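> Need coordinates for the following:
(one chain, ligands or ions: 1)
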Amino acid sequence: MRIYFLLILGIALVFPSCTKETKEQKEPEKILTDEELHAKADSLAKYIIIVDTHIDVPYRLGEKWEDISQRTINGDFDYPRAKRGGLNVAFMSIYVPPKYEGTGKSKEVADNIISLVEDIANKHPDKFALAYSVADVTKQFNAGVISFALGMENGSPVEGKLENLKHFYNKGIRYITLAHSKNNHISDSSYETKKKWNGLSPFGEEVVKEMNRLGIMIDVSHISDSAFYDVINLSGTPIIASHSSCRHFTPGWERNMSDEMIEALAKNGGIIQINLGSSFLNDEIRKKEELNERYIKDYINDNNIVSEEAHELKRDFLKENHPGYANVKDVVAHINHIVKLVGIDYVGLGSDFDGVGDSLPEGLKDVSQYPNLIYELLKAGYSDEDIRKSCSGNLLRVWSAVEQFAKKQ
Ligand SMILES: [Zn+2]
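Modelled structure (predicted):
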């Protein structure tokens, strides 16, 4: 209710004439000028909750530390830019690289990354707070504090023990991406040509049920198609794809979701959160990127170039042969496609900010630019309510359903 009130108030402040008109006789709706549309987008970004389900800040800070409570030189996320863009809930990615699978170190790595996020929130309570529930999100939105929610990218830290799921739930993990770029002991990965389990592993099936029981959302981004269908068949709750886009635009690329999968996801009540990486959005860019990667990998192997030199060589080569960028309209095209398939109730945002490098679309380069997307959505004819749903309403609906399911266990 409060959000609605603020939203209406916000629009009324920016467009006082609109409310007056609706109070009097029903005049035909005014067509907004471009300037007015931008103002409305800015206003909406402030008065609705914006949730982004995948931000790789912890990984970035692990590589090179910066104080994100201030404007940082690098990266896509910091407090001033998040405020400017109207971001209210950032799902911090607790990413554990696949190299730790089976080493007995994954859990510790995950715990350390969670501590890093907790430390940032504890140090800046006026700016950030951990969110453990939908109620926390609302409370912290009203208090003007940016929520950090925790999503674990890669199930490897579960380390074959169901009790570790409880451990991570207690630490605040509210979704788990079952696998990353390699098959693991829970699930096959979309990136692997040779699958290990033909879907979920037998232990992975137990993991899904336990996540349902505890109230952790199941994230199907990164996992193979077969694993996705296993999850759909097993899960008692709606599921999420925290950072995936539509395969319709990148035919044959398993990391994005096919139309059939999006339909199955919607039937389950789940959501797909659009990944902003240009190669997720645009097939031409993806193909160029793949060619580049293959070329430089072969070159490094053929010439026996050692790691540090290889790193620099790769960086310079990719800079000189940059595949180009998608733009905000491409993101809207993905949203349109999902809406056409299943409706507005099943789509949201999972940017992958700080996770896809120099590959973000023109106009969506960092967390300050969500209003540009809202502007394009308004221009495409989406209503304020549609925009509220895709910016947060859909995700919060799923999160609530997962909370309710766990309460009944
Ligand atoms: Zn990812």
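
> pretty sure I94 belongs to a strand, no?
Yes - using DSSP: H, G, I helix; E, B strand; the rest coil, the secondary structure at I94 is a strand.

> what's around it, how many residues?
The tally of other residues near I94 (other Cβ atoms under 10 Å) stands at 29. Yep, even glycine has a C-beta here, placed from its N, CA and C like the rest.

> F128 now?
There are 23 residues near F128, going by other Cβ under 10 Å.

> and it, bridged to which residues?
I146 (DSSP bridges).

> Now for it: which residues touch it?
Taking Cβ atoms under 8 Å, 6 or more residues apart in numbering, we find F128 in contact with 69, 79, 120-121, 145-148.

> Tell me the buried residues within these.
79, 120-121, 145-148 (16 or more other Cβ atoms under 10 Å).

> Name the nearest of the contacts of F128 relative to L395.
S147 (12.1 Å; Cβ to Cβ).

> Quick check: the gap between that closest one and K365.
23 Å (Cβ to Cβ, to the nearest Å).

> Of the contacts of F128, which is the nearest to A129?
When the contacts of F128 are compared for distance to A129 (Cβ to Cβ), V145 wins out at 4.9 Å.

> picking that back up, need the contacts of F128 in JSON lines (columns: pLDDT).
Formatted as JSON lines, the contacts of F128 follow (pLDDT from 0 to 100):
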{"residue": "S69", "pLDDT": "98"}
{"residue": "Y79", "pLDDT": "98"}
{"residue": "I120", "pLDDT": "98"}
{"residue": "A121", "pLDDT": "98"}
{"residue": "V145", "pLDDT": "98"}
{"residue": "I146", "pLDDT": "98"}
{"residue": "S147", "pLDDT": "98"}
{"residue": "F148", "pLDDT": "98"}
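
> Ranking helices and strands of this protein by mean pLDDT, which lands last?
For the chain, counting by mean pLDDT, DSSP states H and E, helix 16-23 ranks last in confidence among helices and strands (a mean of 43).

> Give me the buried positions along the following helix or strand past it.
Later in the chain than helix 16-23, the nearest helix or strand by DSSP states H and E is helix 34-47. For helix 34-47, the buried set under the neighbour-count rule, 16+ other Cβ under 10 Å, comprises 37-47.

> Which strands or helices does helix 34-47 pack on?
helix 2-14, helix 370-379, helix 384-388 (3 or more Cβ pairs under 8 Å, 6 or more residues apart in numbering; DSSP states H and E).

> Mean pLDDT lowest where, among those?
When the helices and strands packed on helix 34-47 are ranked by mean pLDDT, helix 2-14 comes last with a mean of 46.

> Let me know the next secondary structure element after the helix ranked longest in the chain.
Criterion DSSP state H: the longest helix present in the chain is helix 283-302. Heading C-terminal from helix 283-302, the first helix or strand you meet, by DSSP H and E, is helix 307-320.

> in that following helix, what's buried?
Quick answer for helix 307-320 (16+ other Cβ under 10 Å): 310, 314, 317-318.

> could you give the angle of that helix to helix 283-302?
Using axes from the mean of the first three to the mean of the last three Cα atoms, to 10 degrees, the inter-axis angle of helix 307-320 relative to helix 283-302 is 150 degrees.

> Just the C-alpha atoms of helix 307-320, please, in PDB.
Extracted in PDB, the C-alpha atoms of helix 307-320 (Å, rounded to 0.1, in the frame of the first residue of the first chain):
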ATOM      1  CA  SER A 307      49.900 -17.200 -17.900                       C
ATOM      2  CA  GLU A 308      50.700 -13.600 -17.100                       C
ATOM      3  CA  GLU A 309      51.700 -12.800 -20.600                       C
ATOM      4  CA  ALA A 310      48.700 -14.700 -21.900                       C
ATOM      5  CA  HIS A 311      46.400 -12.600 -19.700                       C
ATOM      6  CA  GLU A 312      47.800  -9.300 -21.100                       C
ATOM      7  CA  LEU A 313      47.700 -10.600 -24.600                       C
ATOM      8  CA  LYS A 314      44.100 -11.700 -24.300                       C
ATOM      9  CA  ARG A 315      43.100  -8.400 -22.800                       C
ATOM     10  CA  ASP A 316      44.800  -6.400 -25.600                       C
ATOM     11  CA  PHE A 317      43.400  -8.600 -28.300                       C
ATOM     12  CA  LEU A 318      39.800  -8.500 -27.000                       C
ATOM     13  CA  LYS A 319      40.100  -4.700 -26.700                       C
ATOM     14  CA  GLU A 320      41.200  -4.300 -30.300                       C
END
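
> so what does it touch, helix or strand wise?
helix 283-302.

> gap between the helix it packs on and the chain center?
Chain-centre distance of helix 283-302: 26 Å, with Cα atoms, centre = their mean, to the nearest Å.

> In a markdown table, list the buried residues of helix 307-320 along with pLDDT.
Formatted as a markdown table, the buried residues of helix 307-320 follow (pLDDT from 0 to 100):
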| residue | pLDDT |
| --- | --- |
| A310 | 83 |
| K314 | 82 |
| F317 | 86 |
| L318 | 83 |
